[in-house]
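Pasting the sequence and the predicted coordinates here, then a few questions.
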Amino acid sequence: MRTDTPWSTLPARDHLLAGAGDAAGAPVLDVVVPVYNEEKDLEPCVLRLHDHLARTFPYAFRITVADNASTDRTPEVAQRLARTLPGVRSYRLEEKGRGRALRTVWSHSDAPVLAYMDVDLSTDLNALLPLVAPLISGHSDLAIGSRLARSSRVVRGTKREFISRAYNIILRSSLAARFSDAQCGFKAIRGDVAQRLLPMVEDTGWFFDTELLVLAERAGLRIHEVPVDWVDDPDSTVHIVRTATEDLKGVWRVGRALAVGALPLDRLARPFGDDPRDRGIGGVPRGLARQLVGFCAVGVLSTLVYLVLYSLFRQGVGPQIANGGALLVSAVANTAANRRLTFGVRGRGGTVRHQAQGLVVFAIGLVLTSGSLAALGAASGSPSHGTELAVLIAANLAATVLRFLLFRAWVFPDRDRSADASRPADAPASRAVPGDGRVDAPASCAVPADGRADAPASRAVPADGRVDAPASRAAAVPADDTHHELRNVR
């Protein structure tokens, strides 16, 4: 296990030890069943789920019924199940919303692996162990059941099939999502990931799943997909049109937030080397190979933009002015793209400084290209447009090499390398990770009462790395409690 995990990253994923949940007095898996007016289906669901876990699941488990503002006998059924079945608990929230129920229960859970499933049990329970196994082993951060995988077996009507696939196309085209099924009610997440990811998720309804997955994917977390057998519930109370409308609003909101860099996704980064693809190459500085690939891709695109702009500007002005204008526009776009894609800088912090430094690099490139044009004009008098472009391409290649070196060493220096260079010789290389593999959450990751990520740095983080519930929320349920009521939870 790595011991040099930076402050801003999640700890490396570790395999949960067998019996760890029993030894700590907490379950390894907490399965949440969110319900609203499900007095008829709740008891058969919990009995069947409990029996399946007791027979097949090799770790300690808990089933939590999350009742969000039911008006029928659902709360009574949930409390009776909590009293009669070991490992069953019930939560009561006074506001509706599946996303609100999941975020509340997951935020208070002490289990290292968190899951949820719909009360109708449309998904075959045989997929539950394959769903959570990659999280227990440390292979993945989230896991989802997919009804759209090729090997899935699904029984449902044409209308729901069309809506599901259309929604998937919208997510892929608008948010560049690569997961196949955002709305299947069968998902799991590691507890340490949930503590940092949940405060960034704003939705409290059905779009909660999609927002959770999109942010996790954009942050580079690993999402495992499990093909499931799924049978549609003909008595489902989900309002399709209203849900679809809210989902589209959520897609727009999340897409806009991602476009402007408003989300601190760097808090969800895994330490370098946790992914085998990040393993270092002998004799090559860390991250150099990956940065070269990204820089080359951005460079090709920005060069094409530059040449197009130069050709357009050249129709009305001289070569020097056309070159300067084209290079300025493409340089600003190049700096922004390299900032995000090549060097992984997220958020708006430091944007102005990076662009200013990028303009200095641009000035150096301008000197190289303008000098080349001046030399060409002195040598041949009136060169052809094709000759000008050839000279500019050669000059830009030289400027590109210099630009990458300046970007890497000056504009976007590696934070770890810079910290090592400024650290006294007798200072430790980095913060040590405790024996349980967790890293204390930074103060900026504290979760406020409203569940958002911009909390003040006032909450203490205990030694085990978990975040205590804020004072304005109800306290976490003790291990021996079977029912807890959460009121006025946003």
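Looks like it arrived, so ask away.

all helices in this structure, in order from the N-terminus.
Here the chain has its helices, by DSSP state H, at 20-24, 42-56, 74-84, 98-108, 128-136, 158-174, 191-197, 208-218, 240-259, 288-314, 319-337, 351-380, 385-406, 415-422.

Show me what the fourth one packs onto, helices and strands only.
So that's helix 98-108. Applying 3 or more CB pairs under 8 Å, 6 or more residues apart in numbering; DSSP states H and E, we find helix 98-108 packed against strand 29-35, strand 61-68, strand 88-93, helix 191-197, helix 208-218. Where C-beta positions appear, they are placed from N, C-alpha and C, glycine not excepted.

can you redo those as CSV with distance to residue 50, mean pLDDT and mean neighbour count?
Compiled in CSV, these are given as follows (distance: least, CB to CB, whole Å; pLDDT from 0 to 100; neighbours: other CB atoms under 10 Å):
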stretch, distance to residue 50, mean pLDDT, mean neighbour count
strand 29-35, 9, 96, 26
strand 61-68, 6, 95, 25
strand 88-93, 7, 94, 24
helix 191-197, 21, 92, 23
helix 208-218, 24, 93, 22
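
closest to residue 180 out of the helices of the chain?
helix 158-174 (6.5 Å; CB to CB).

Any idea how far that closest one is from the middle of the chain?
With CA atoms, centre = their mean, to the nearest Å as the basis, helix 158-174 stands 21 Å off its chain's centre.

buried ones in that helix?
Neighbour counts using 16 or more other CB atoms under 10 Å place 163, 164, 167, 168, 170, 171 of helix 158-174 among the buried residues.

angle of it against helix 240-259?
Here helix 158-174 runs at an angle of 10 degrees relative to helix 240-259 (axes from the mean of the first three to the mean of the last three CA atoms, to 10 degrees).

send the alpha carbons of helix 158-174 over as PDB?
The C-alpha trace of helix 158-174 is given here as PDB (Å, rounded to 0.1, in the frame of the first residue of the first chain):
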ATOM      1  CA  THR A 158     -41.500  -1.100 -25.400                       C
ATOM      2  CA  LYS A 159     -42.200   2.400 -23.900                       C
ATOM      3  CA  ARG A 160     -39.800   2.000 -21.000                       C
ATOM      4  CA  GLU A 161     -37.200   0.400 -23.200                       C
ATOM      5  CA  PHE A 162     -37.300   3.300 -25.600                       C
ATOM      6  CA  ILE A 163     -37.200   5.900 -22.800                       C
ATOM      7  CA  SER A 164     -34.200   4.200 -21.200                       C
ATOM      8  CA  ARG A 165     -32.200   4.000 -24.400                       C
ATOM      9  CA  ALA A 166     -33.100   7.500 -25.400                       C
ATOM     10  CA  TYR A 167     -31.900   8.800 -22.000                       C
ATOM     11  CA  ASN A 168     -28.700   6.900 -22.400                       C
ATOM     12  CA  ILE A 169     -28.100   8.500 -25.800                       C
ATOM     13  CA  ILE A 170     -28.700  12.000 -24.300                       C
ATOM     14  CA  LEU A 171     -26.200  11.400 -21.600                       C
ATOM     15  CA  ARG A 172     -23.600  10.100 -24.000                       C
ATOM     16  CA  SER A 173     -24.000  13.000 -26.400                       C
ATOM     17  CA  SER A 174     -24.400  15.900 -23.900                       C
END
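
Contacts for that helix next, please.
147-148, 154, 177-178, 180-183, 210, 214, 232, 240, 244, 247-248, 251, 255 (CB atoms under 8 Å, 6 or more residues apart in numbering).

try 6 Å
Applying CB atoms under 6 Å, 6 or more residues apart in numbering, the external contacts of helix 158-174 come out as 177, 251, 255.

Okay, now the unreliable bits of this structure?
Applying pLDDT under 70 to the chain flags the ranges 1-9, 18-25, 234-240, 270-287, 414-490.

related to what we said a few turns ago, closest one of the contacts of helix 158-174 to residue 28?
Using CB to CB, the contacts of helix 158-174 come closest to residue 28 at residue 177, 29.2 Å.

and the residue lying closest to that closest one once chain neighbours are set aside, how far is that from residue 192?
In this structure, residue 177 finds its nearest non-sequential neighbour in residue 171, 4.1 Å apart by CB to CB, 6 or more residues apart in numbering. Residue 171 sits 26 Å away from residue 192, taking CB to CB, to the nearest Å as the criterion.
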